[in-house]
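Peer 1: Got a predicted structure here, sequence first:
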Amino acid sequence: MTTQRSFKARVRARMEKTGESYTTARRHLINRTIEPTPASTAASPPAPTEPTATAAAAQTERIADDLISARTGRGWAEWFAVLDAASATEWTHTRIARHLATEHEVPGWWAQTITVGYEQARGLRAPGQRRGGGFEASASRTVAVPARRLFEAFADETARARWLPDVEVRVRTATAPRSFRADWAGGPTRIVVGIDAVGESKARVNVLHEKLTAAEQAAELKAYWRDRLAALKALLETDGDHR
């Protein structure tokens with residue numbers, strides 16, 4: 001109990017110093033405590049050495065708490081409490097996501113989003129890293145067009161070439177207007193796209209670029225997708241896609 005009170009005091013001290021939320025301050029302190037020290041290196045896996053491994057934003061910082069709550073009925077802290085109660089730190093990524101989808105009726109894309117955020121917060125993976133050790137890059141953007149039109153910008157080859165030129169993709173699955181999966185530039189990486197309607201005339205797109213091999217590659221692709229989604233937004237919110 002004394003140790004727990006001491007840790008909570010450290011969390012609150014960090015909150016006052018940085019202005020962070022309790023959850024964010026707690027996560028930073030937890031991540032700091034699990035970094036291997038010289039005395040424990042032999043018994044612990046090495047920390048990532050790539051310079052961009054810790055530069056990626058954590059899921060809880062990238063996606064606002066109020067957005068998670070609006071889409072799933074609970075905020076980050078509430079979902080973390082639910083998963084902690086189920087001892088989800090002992091589960092695989094797939095089992096956590098399936099539990100959220102089947103037991104709590106969380107839509108598939110958001111179940112994955114919460115799972116990644118939980119794994120990062122509990123030290124099971126670093127931001128940008130998969131549980132298996134590989135890396136991934138993600139980006140999102142809200143666009144003032146209906147979800148179907150945003151979906152077509154990915155699924156239609158001609159429309160896709162207008163904002164994603166000179167890139168070869170091989171479509172794996174495309175389910176209008178919600179999801180799109182494709183192999184990227186001949187593989188082995190691939191993209192997973194989720195589209196979520198925000199009313200009748202606005203939609204949010206989330207792109208996950210999977211099967212990356214290094215943190216540096218993930219950082220480069222994250223910047224790339226931010227740029228391309230900005231270009232897509234500009235295109236669709238004008239008449240440029242009809243020229």
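Peer 2: Happy to help now that I have it.

Peer 1: mind checking the end-to-end distance for stretch 187-207?
Peer 2: 16 Å (Cα to Cα, to the nearest Å).

Peer 1: Contacts for that stretch next, please.
Peer 2: 71, 108-109, 113, 138-147, 149-151, 154, 169-170, 172, 177-184, 208-212, 225, 229, 232 (Cβ atoms under 8 Å, 6 or more residues apart in numbering). Yep, even glycine has a C-beta here, placed from its N, CA and C like the rest.

Peer 1: quick one: the closest residue to residue 59 other than its chain neighbours from residue 127, how far?
Peer 2: Distances taken as Cβ to Cβ, 6 or more residues apart in numbering place residue 117 nearest to residue 59, at 3.6 Å, with adjacent residues excluded. Counting by Cβ to Cβ, to the nearest Å, the separation of residue 117 from residue 127 is 10 Å.

Peer 1: Show me the shaky parts of this structure.
Peer 2: 1-8, 11, 15-57, 128, 130-133, 239-243 (pLDDT under 70).

Peer 1: All the helices of the protein, in order from the start?
Peer 2: For the chain, applying DSSP state H gives helices covering 2-18, 22-34, 59-62, 65-72, 76-85, 93-103, 108-121, 147-155, 157-163, 215-236.

Peer 1: Run the chain-centre distance for the third one.
Peer 2: In terms of Cα atoms, centre = their mean, to the nearest Å, the gap separating the centre of helix 59-62 from the centre of its chain is 7 Å.

Peer 1: quick one on the thing from earlier: buried members of the contacts of stretch 187-207 into ChimeraX, please.
Peer 2: Selection command for ChimeraX covering only the buried members of these, criterion 16 or more other Cβ atoms under 10 Å:
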select :71,109,113,138,139,140,141,143,145,146,147,149,150,151,154,169,177,178,179,180,181,182,183,184,208,209,210,211,212,225,229,232
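
Peer 1: picking up where we left off before, for residue 117 and residue 127, list the residues in contact with both.
Peer 2: Residues touching both residue 117 and residue 127 (Cβ under 8 Å, 6+ apart): 58-59.

Peer 1: can you give me the end-to-end distance of stretch 127-134?
Peer 2: This stretch, stretch 127-134, spans 11 Å end to end (Cα to Cα).

Peer 1: one step back: turn the helices of the chain into a markdown table, including distance to residue 200.
Peer 2: Output for the helices of the chain, formatted as a markdown table (distance: least, Cβ to Cβ, whole Å):
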| stretch | distance to residue 200 |
| --- | --- |
| helix 2-18 | 40 |
| helix 22-34 | 33 |
| helix 59-62 | 26 |
| helix 65-72 | 16 |
| helix 76-85 | 28 |
| helix 93-103 | 26 |
| helix 108-121 | 20 |
| helix 147-155 | 9 |
| helix 157-163 | 20 |
| helix 215-236 | 15 |
